[in-house]
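Q: model this:
(chains A, B, C and D)
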Number of protein chains: 2
Amino acid sequence: MTPRKSKSRPTINEVAKRAGVAKTTVSHAISGKRPVAPATRERIFKAMGDLQYSPSPIARRLAGSPSHTIALVLPLASPTFADVEVRYIASIGAVVNQHGYTFLTLTAPQVNVDDLRQIVYSGLVDGVLLMRIQQKDERVKLLRETDIPFVLIGRTRDNKGLTLVDLNGEAAIGLAVDYLVELGHHSIGFICPEDLNFAFAYRIVKGFEKSCAKQQLPRIMSPAVWSADAGYRATLALIEQHPEVTAIIVWSEVVTVGAVSALRDIGRKVPDDISVISFDRSEHLHLASADLTVIDTRPEAVGGQAAQMLINLLEDKPLEREQILMPPLLITGKSTAHCTNGQVTLPKPA
Amino acid sequence: MTPRKSKSRPTINEVAKRAGVAKTTVSHAISGKRPVAPATRERIFKAMGDLQYSPSPIARRLAGSPSHTIALVLPLASPTFADVEVRYIASIGAVVNQHGYTFLTLTAPQVNVDDLRQIVYSGLVDGVLLMRIQQKDERVKLLRETDIPFVLIGRTRDNKGLTLVDLNGEAAIGLAVDYLVELGHHSIGFICPEDLNFAFAYRIVKGFEKSCAKQQLPRIMSPAVWSADAGYRATLALIEQHPEVTAIIVWSEVVTVGAVSALRDIGRKVPDDISVISFDRSEHLHLASADLTVIDTRPEAVGGQAAQMLINLLEDKPLEREQILMPPLLITGKSTAHCTNGQVTLPKPA
DNA sequence: GACTTTACCCAAACCGGTTCAACTTGCTTA
DNA sequence: TAAGCAAGTTGAACCGGTTTGGGTAAAGTC
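A: Sure thing, here's the model as predicted:
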């Protein structure tokens, strides 16, 4: 508990004394917020140099100046980050650092509202980036009550007045469905998210239903939480109940790992027997089952954009748009193929 | 640039007023450094709860006491965090939060000494946890010069006077080799790290050489940087040059993903044709090639221990040991089997 | 020449805590 | 019974900066 002092750094007072001025003047000389006579400024800078002075960020922050630090709040929901998430972190970090800000990742195992409140109130950070947005998100509510600038990566149910960047989930699932239909598939299964409080999950499920209606397809869904294991089981269940499906869409790379294993284990060849489209891109996937067709959820673009917007907010620069919906990309690989027929002969599931 | 003040961040003054005491008393009630009457303390805590008060680390720090904040410095070297790393983060976070400290992950994209200096110098954090230690590590040098408490996860070349926790890398590789020898393998390949500045990499390579000498095995190595792709190529290269190997050890889960793909692609069945042992455990691996034999590098134990030691350091509690070498665990799975013979008929590589 | 403006500098208040010295009380103890 | 001591509480100083509101002297305006 003993306070550590870091070798008693020089303070603004010592600089002021050495330069023969008031500390106010030193402050002005540094910040440039009030005019200081050239001769005086020179004396002050000389003194600063002699003493190797650099102002204490702590004191500055306490006195009300920005800390030039932003926090990314990203709860560690699953025991591991997925590739996608890391790509978010990396791209955000790049933008933030490039602008001279310090970047903190807040990875409490569960970032609850109280943790967030503590961070916001601590005065440690100037702004907050929030991920994994829920349909009804307490954290957003909290941030709205304070006046700390923040940007959402994702959307809640009610987004009035919020600044956000989000992937267009409806468009994403639509892209996948339309592409498969174009290839001649009529029976498309969706390994879909289970927890619809997660806002992105909600949107893609709704989007799938809408797409099915539009294309007059049956709604075939099998829910899987965000893990490979769940993906494995969900895929087995889906195939068992709907052996007629000729294509599946999987809602996340993490889940796809399991889905691909399942298909392999029951002897369905991709893409000959069944086409697969996965959300996200993933290093692991790429190698585990070469060259998958994916819906790129564009973490770099979304994350980078969000970081940029937050920084603009912090620097009182105008935003061209408050809310940005990023269009998804379809990257065609070798896991999708023309549907030879509605009825193919199926190998008996093991 | 305008300083933002959070609308109504409660201060110690408001708590004091609400509880009808002086702010001094509130401070004492929180820190416990001076006695406070039970009734008073209760009133104070009630007021704190009502106001959702949490003390400002900044102000605390400025007033000369610790900010109860520790930083984990973990450069984003590869484009992605591996499972292992995330498990470190999670376990450290758990311990840190449990002790009432705030936990910051500093994920600068590069291994920058300057960033670290700034953090240390700013006085924002009480202590630092350092990961990805190099044999010759500038950051360690920097931290030694300051007097901020820090704990290494890993080791450098010269560790005199340092507080650290590290997995026993030599023991780890030894465990793997000995186990394979026990199963009758005489030709063991090591998909090994390439960059020997990374201290852990250096130690396991040296350890492998030592083990080979001890067991009178040939040294068969094929280097791969920390990526699945590299693992794929390194495995192909190794098998091509040494088709006689009946077992391989892979130095990291990330690399193993590629190694397993490579073996599959050239038609070597695991464990019938070849045994595989991987460092680390991984969710992805587990499913991509069910039930691998692994050397568990125990990120939870190492990370948690390191966090605990740092906190002890910060609170002037005695450490039972300054340096801890965590023993690795061998978890046997289905990717290793008895070597049927030194010479097996091999399928022609594609 | 009186009046305003501008440039320059400073004292004091403030940010939100911690800590020190002092001041009550109530209870021992010589 | 007076002195001593511990518990409980508080005002004031302090940490190292920023910001506000004067004040003074020189320059500009009419």
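Q: switch to C-alpha atoms for all contacts and neighbour counts from now on
A: OK.
Q: Bridge partners for the residue in the stretch 151-300 of chain A that DNA strand D sits nearest to, pull those for me.
A: Per CA to the nearest atom of the strand, A:Val151 is where the stretch 151-300 of chain A lies closest to DNA strand D, at 23.8 Å. Listed beta-bridge partners, A:Val151: A:Leu129 (assigned using DSSP bridges).
Q: contacting residues around A:Asp272?
A: A:Ala337 (CA atoms under 8 Å, 6 or more residues apart in numbering or on different chains).
Q: quick one, phi psi at it?
A: phi -60, psi -50 (degrees, to the nearest 10).
Q: any idea how far chain B is from it?
A: 18 Å (CA to the nearest CA, to the nearest Å).
Q: do the same with A:Thr156
A: 23 Å.
Q: which residues touch stretch A:226-246?
A: With CA under 8 Å, 6+ apart as the criterion, stretch A:226-246 contacts A:78, A:185-189, A:191, A:193, A:220-225, A:252, A:254-263, A:273-275, A:339, A:342-343, B:283-284, B:287.
Q: do that again at 7 Å, thanks
A: Applying CA atoms under 7 Å, 6 or more residues apart in numbering or on different chains, the contact partners of stretch A:226-246 are A:185, A:187-189, A:191, A:222-224, A:254-259, A:261-262, A:273-275, A:339.
Q: taking the residues you listed one by one, which sit in strands?
A: Mapping the contacts of stretch A:226-246 onto strands (DSSP state E) picks out A:188-189, A:191, A:222-223, A:275.
Q: can you list those in JSON lines and add neighbour count, distance to A:Pro327 and pLDDT?
A: Shown next, in JSON lines, are the ones in strands among the contacts of stretch A:226-246 (neighbours: other CA atoms under 10 Å in any protein chain shown; distance: CA to CA, whole Å; pLDDT from 0 to 100):
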{"residue": "A:Ile188", "neighbour count": "25", "distance to A:Pro327": "22", "pLDDT": "96"}
{"residue": "A:Gly189", "neighbour count": "25", "distance to A:Pro327": "23", "pLDDT": "97"}
{"residue": "A:Ile191", "neighbour count": "29", "distance to A:Pro327": "21", "pLDDT": "98"}
{"residue": "A:Ser222", "neighbour count": "21", "distance to A:Pro327": "25", "pLDDT": "97"}
{"residue": "A:Pro223", "neighbour count": "20", "distance to A:Pro327": "25", "pLDDT": "97"}
{"residue": "A:Ser275", "neighbour count": "26", "distance to A:Pro327": "23", "pLDDT": "95"}
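Q: from these, which is closest to B:Asp50?
A: A:Pro223 (41.3 Å; CA to CA).
Q: May I have the residues that are in contact with that closest one?
A: A:191-194, A:234.
Q: Go again with 6 Å.
A: Residues near A:Pro223 by CA atoms under 6 Å, 6 or more residues apart in numbering or on different chains: A:191-194.
Q: and the residue of the stretch 151-300 of chain A closest to DNA strand D, how many residues sit next to it?
A: Neighbour count for A:Val151, taken as other CA atoms under 10 Å in any protein chain shown: 26.
Q: now it: how far from A:Asn159?
A: 11 Å (CA to CA, to the nearest Å).
Q: can you check A:Ile239 too?
A: Distance from A:Ile239 to A:Asn159, by CA to CA: 38 Å.
Q: just to revisit the earlier point, hang on, the residue of the stretch 151-300 of chain A closest to DNA strand D packs against A:Val165?
A: No. Using CA atoms under 6 Å, A:Val151 makes no contact with A:Val165, being 7.6 Å away.
Q: Run a quick neighbour tally on the residue of the stretch 51-200 of chain A at minimum distance from DNA strand D.
A: Among the residues of the stretch 51-200 of chain A, A:Pro55 lies closest to DNA strand D, at 3.6 Å counting by CA to the nearest atom of the strand. A total of 16 residues lie near A:Pro55 under the criterion other CA under 10 Å.
Q: What helices and strands are in contact with the helix or strand encompassing A:Ser278?
A: Using DSSP states H and E, A:Ser278 maps to strand A:275-279. Helices and strands touching strand A:275-279, by 3 or more CA pairs under 6 Å, 6 or more residues apart in numbering or on different chains; DSSP states H and E, are strand A:247-250, strand A:293-296.
Q: Need the winner for burial among these.
A: Of all the helices and strands packed on strand A:275-279, strand A:247-250 carries the top mean neighbour count, a mean of 27, counting by mean count of other CA atoms under 10 Å in any protein chain shown.
Q: partners of that one in the sheet?
A: strand A:188-192 (parallel), strand A:275-279 (parallel).
Q: Flag every residue of the stretch 1-150 of chain A that's near DNA strand C.
A: Those residues of the stretch 1-150 of chain A that sit near DNA strand C, judged by CA under 7 Å from any atom of the strand, are A:3, A:20-25, A:34-41, A:59, A:62-64.
Q: Buried subset of these as a PyMOL selection?
A: Here is the PyMOL selection string for the buried members of these, based on 16 or more other CA atoms under 10 Å in any protein chain shown:
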select buried, chain A and resi 23+25+40+41+59+62
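Q: What about the residues of the stretch 1-150 of chain A next to DNA strand C, which are in helices?
A: Secondary structure assignment by DSSP state H places A:23-25, A:38-41, A:59, A:62 of these in helices.
Q: Could you work out the most separated pair of the residues you listed?
A: A:Ala39 and A:Leu62 (30.3 Å).
Q: on that earlier part again, and A:Ile239 and A:Asn159? Which one has more around it.
A: Legend: neighbour count by other CA under 10 Å for A:Ile239 and A:Asn159, higher for A:Ile239 (20 against 13).
Q: distance between stretch A:125-137 and the chain's centre?
A: 10 Å (CA atoms, centre = their mean, to the nearest Å).
Q: close to DNA strand D, is that stretch?
A: No. Figure legend: stretch A:125-137 not in contact with DNA strand D (CA under 7 Å from any atom of the strand); closest approach 13.9 Å.
Q: can you pull the buried residues of that stretch?
A: In stretch A:125-137, counting by 16+ other CA under 10 Å, buried: A:125-135, A:137.
Q: Which single one of the ones in strands among the contacts of stretch A:226-246 is nearest to B:Phe103?
A: Nearest member of the ones in strands among the contacts of stretch A:226-246 to B:Phe103, counting by CA to CA, is A:Pro223, at 34.3 Å.
Q: Run through the residues that contact A:Thr256.
A: Per CA under 6 Å, 6+ apart, neighbours of A:Thr256: A:Val250.
Q: how near is it to B:Gly207?
A: Taken as CA to CA, the span from A:Thr256 to B:Gly207 is 37 Å.
Q: Same question for A:Thr293.
A: Distance from A:Thr293 to B:Gly207, by CA to CA: 42 Å.
Q: again, but for A:Ser211
A: 57 Å.
Q: Equivalent analysis for A:Gln323, please.
A: A:Gln323 is 55 Å from B:Gly207, by CA to CA.
Q: Spell out which parts of chain A neighbour chain B.
A: Within chain A, the residues that sit near chain B (CA under 6 Å from any CA of the partner chain) are A:1, A:3, A:57-58, A:64-66, A:80, A:86, A:104-105, A:121-122, A:146-147, A:315.
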